[in-house]
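Enquirer: Provided below are the primary sequence and the corresponding predicted coordinates.
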Amino acid sequence: MLEERLKSVIRNIPDFPQPGIVFKDITPILKDQQLCGEIVDQLVERLQGIEIDAIAGVESRGFLFGMLLANRLDVPFIPIRKQGKLPFKTISESYKLEYGQATIEVHEDAFAAGSKVLIHDDLLATGGTVVAASKLLEKLGADIVGYAFIISLDFLQSEGRLTRFSDRVISLARFDS
């Protein structure tokens, strides 16, 4: 089963990026082209029946599979980037981190108002970044139709933070601790 394969490949990096955090490292997945293909296949299968006009990927690991998923679904890809990284006119959303504040941006012409957008990132942890991405896209008139993650840290109980935007949350590997 895909979930067990993912869990066996994902590395735990203790005390990264700061003491007390156990970072889930997906880079070993990228060495296995077959596994990468299975991830995209599984996401596509689980998204069947959902009308999607675009995939938004959150910088930077959300770009890896977000672009592949958008390509497979034959829809545009929307990059959500850290402040100051996009060259054209942008809108922004700031949010709190455990250790400060961050701001993300999207081009103001990234999609048409009313577009049905799926947000992808590699990991759902506290949900702060994805909630900020949802607010950011809604400023431009997006209809958030769901979320797709490779990993969910279920012990942080953050999935509930997303339901005000969409109740469709897909995670391929769930960690309870």
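Expert: All right, it came through fine.

Enquirer: switch to C-alpha atoms for all contacts and neighbour counts from now on
Expert: Noted.

Enquirer: residue farthest from the centroid of this protein?
Expert: No residue in the chain sits farther from the centre than residue 19, which is 24.2 Å out by CA atoms, centre = their mean.

Enquirer: Check the gap between that one and residue 99 for me.
Expert: 12 Å (CA to CA, to the nearest Å).

Enquirer: same deal with residue 133?
Expert: 19 Å.

Enquirer: confidence score at residue 122?
Expert: pLDDT recorded at residue 122 is 97.

Enquirer: can you give me the helices for the chain?
Expert: Per DSSP state H, the chain carries helices over the ranges 2-9, 33-46, 61-73, 128-139.

Enquirer: Out of those helices, the one nearest residue 52 is which?
Expert: helix 61-73 (8.3 Å; CA to CA).

Enquirer: can you list the residues that contact that closest one?
Expert: For helix 61-73, the external contacting residues (CA atoms under 8 Å, 6 or more residues apart in numbering) are 40, 43-44, 54-57, 76-77, 79, 120-122.

Enquirer: For the residues you listed, which entry has the maximal number of neighbours?
Expert: residue 120 (30 neighbours; other CA atoms under 10 Å).
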